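Enquirer: Got a predicted structure plus its sequence, pasted below:
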Amino acid sequence: VNKKNKQEKKMSIVVSQKDEFQELLRICNTNIDGKKSTLFALTKIKGIGRRFSDVILKKCGVSGTKRAGNLTKEEIKKITDVINDPTSFKIPEWFFNRRKDRKTGKYSHLVSNALDMSLREDLERLKKIRCERGLRHALGLKVRGQHTKTSGRRGKTVGVSHKKEK
């Protein structure tokens, strides 16, 4: 009888998790790993580095050490709002990656697809006006004044070729 009472008293406690952990998050057309801390997880979005990620999280009031998979839907919405319109959250203009745009003359911060498009448009403009940088981009050469005698050969044979003696 004594053994039965001991067995009946032992019960396991099942705790249901209310915070739903997400393995993958989708922010700004980018898949983000839910296991990483939010500070480093946001850097997977093209155009967002560690410092900008830190500023975003401080403006949203989200901890940088919190796992990205534990973020609530409201926190994710806040983060996307700050990424899409950082000027309304009083992030300084010198932090942006697109200063004084040629077409609009405004300061903005571009991410993911918009960043790729603007870079492509800039290179096409340089090629179209036939400037030095545009021509070197078109030819696939180094653009920023680097030496090209020995480096940047991309697959061509490296070394000295000797004439055969008869």
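Expert: In hand now; what should we look at? Note that this is a predicted model, so its numbers are computed, not measured.

Enquirer: can we go C-alpha only for contacts and neighbour counts from here?
Expert: Will do.

Enquirer: Any idea how many residues pack against Ile129?
Expert: 11 (other Cα atoms under 10 Å).

Enquirer: Show the backbone phi and psi for it.
Expert: Note on Ile129: backbone dihedrals following degrees, to the nearest 10 are phi -80, psi 0.

Enquirer: Please apply the same query to the one 3 residues further on.
Expert: Main-chain torsions, Glu132, degrees, to the nearest 10: phi -60, psi -50.

Enquirer: Asp101 and Tyr107, how far apart?
Expert: 6 Å (Cα to Cα, to the nearest Å).

Enquirer: contacting residues around Asp101?
Expert: Counting by Cα atoms under 8 Å, 6 or more residues apart in numbering, Asp101 touches Tyr107, Ser108.

Enquirer: you'd agree it is in a helix?
Expert: No. Secondary structure of Asp101 (DSSP: H, G, I helix; E, B strand; the rest coil): coil, not part of a helix.

Enquirer: And it, how far from Ser151?
Expert: For Asp101, the distance to Ser151 - Cα to Cα - is 34 Å.

Enquirer: Ok, Asp33 next?
Expert: Going from Asp33 to Ser151 by Cα to Cα gives 37 Å.
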